[in-house]
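**Student:** My questions are about this predicted structure, shown below with the sequence.
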Amino acid sequence: MSVRIIEAREEVGDVVSEIGEGPIWDDRFGVLRWVDIDRGLVHGWDPDRGPLPALDVGQNVGFVVPSGTDRLLAGLRDGFALLDLDGAIVEMLHAFDHDRPDMRVNDGKADPAGRVWAGTCNIACDEPVGTLYRLGSDGSAEPQMTDLTISNGLGWSPDGTRMYFTDTTWGRVDAFAYDTATGEWSDRRPFVEIPPEVGEPDGLTVDEDGCVWLAMWRGAAVHRYTPDGRLDTIVRVPALETTSCAFGGEDHRDLFITSATVGLTEQEWADHPRSGRVFTCRPGATGLRTDAFVPAS
């Protein structure tokens, strides 16, 4: 069967991020949110009002997810924190006890039951010193995997029985059997191998058909894989460092794609002058609603 090719050329706003990451559709307000990791910024975009004022959290921020009616759960350099919608820290739920100063959080997502999964890495992303944590509603953060280099690509199947995860340096995405009631995972197995010449696995999202949309770092594309691991769609992106993707919009049929500029050579900049922006297209699929962090009442 042939692979469908789609172009994502339309831009969302005019923000150029250094490391644009973690796009989510915030269904509470009908807005797109994403982060610029090292600049410590949380960006927002409203389809009707356009760009929202950036939230400066004052430190590295790897991701945000909705929480409650008016807060965000953020993965910060210092730990997992609840933020108000102005970016101020309301409560630090879990502080990291890093034994080195160059650690931060990377990608993170909420699961269908309201827990948050997120991994740490060193800022240079070049040593296997990271840990994947599972944050519970009570604020407890339990290590699930260690010796990670670039924790990335979390997602769950529509029925919540399968979890996806990648460390970008693995060159593959793994699948796990998942128990939504307990947050336990098992039966780890390779889901898809990524040939080095097409890029490296980064952030991902899952659509309502259970297909996985995977951003290709240094691959200028998002690939869609069917639940059995078959590549059936490539979304071409005018940014070499494609970082992550998420469905949103009123009908959850818009695919939003973040990108980065960090480390681009002069020639790569010339070849991809729109790098660092957020792109969008309508690829003919419908995404799942964004899961939120549910703190203990």
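**Tutor:** That came through, no problem.
**Student:** give me the low-pLDDT residue ranges for the stretch 151-297 of the chain?
**Tutor:** The stretch 151-297 of the chain contains no residues with pLDDT under 70.
**Student:** Can you list the residue ranges for strands in it?
**Tutor:** 151-156, 162-167, 172-179, 184-193, 200-206, 212-217, 221-225, 231-236, 241-248, 254-260, 278-281 (DSSP state E, counting those that start in this stretch).
**Student:** As a markdown table, the ones you listed with mean neighbour count would be great.
**Tutor:** All C-beta atoms are positioned from the backbone trio N, CA, C, and that covers glycine. Formatted as a markdown table, those follow (neighbours: other Cβ atoms under 10 Å):
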| stretch | mean neighbour count |
| --- | --- |
| strand 151-156 | 26 |
| strand 162-167 | 24 |
| strand 172-179 | 18 |
| strand 184-193 | 13 |
| strand 200-206 | 26 |
| strand 212-217 | 25 |
| strand 221-225 | 24 |
| strand 231-236 | 18 |
| strand 241-248 | 28 |
| strand 254-260 | 27 |
| strand 278-281 | 22 |
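**Student:** Compare the ones you listed and report which one is nearest to residue 45.
**Tutor:** Residue 45 lies closest to strand 278-281 among the strands of the stretch 151-297 of the chain, at 7.4 Å (Cβ to Cβ).
**Student:** what's in contact with that closest one?
**Tutor:** 6-13, 15, 17, 20, 23, 32, 34, 45, 235, 237-239, 254-259 (Cβ atoms under 8 Å, 6 or more residues apart in numbering).
**Student:** Just these: which are in helices?
**Tutor:** Of the contacts of strand 278-281, none are assigned to helices by DSSP state H.
**Student:** just to revisit the earlier point, quick one, which of the strands of the stretch 151-297 of the chain is nearest to residue 71?
**Tutor:** Between residue 71 and the strands of the stretch 151-297 of the chain, the shortest gap by Cβ to Cβ is with strand 241-248, which sits at 19.1 Å.
**Student:** I'd like to know which elements the closest one is packed against.
**Tutor:** Contact here means 3 or more Cβ pairs under 8 Å, 6 or more residues apart in numbering; DSSP states H and E; on that basis strand 241-248 packs against strand 20-26, strand 31-36, strand 200-206, strand 212-217, strand 221-225, strand 254-260.
**Student:** Put the alpha carbons of that strand into PDB.
**Tutor:** The C-alpha trace of strand 241-248 is given here as PDB (Å, rounded to 0.1, in the frame of the first residue of the first chain):
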ATOM      1  CA  GLU A 241      14.000  19.800  13.700                       C
ATOM      2  CA  THR A 242      10.300  18.700  13.900                       C
ATOM      3  CA  THR A 243       9.700  18.100  17.600                       C
ATOM      4  CA  SER A 244       6.100  17.100  18.400                       C
ATOM      5  CA  CYS A 245       2.500  17.200  17.400                       C
ATOM      6  CA  ALA A 246      -1.000  17.300  18.700                       C
ATOM      7  CA  PHE A 247      -4.600  17.400  17.400                       C
ATOM      8  CA  GLY A 248      -6.800  20.300  18.300                       C
END
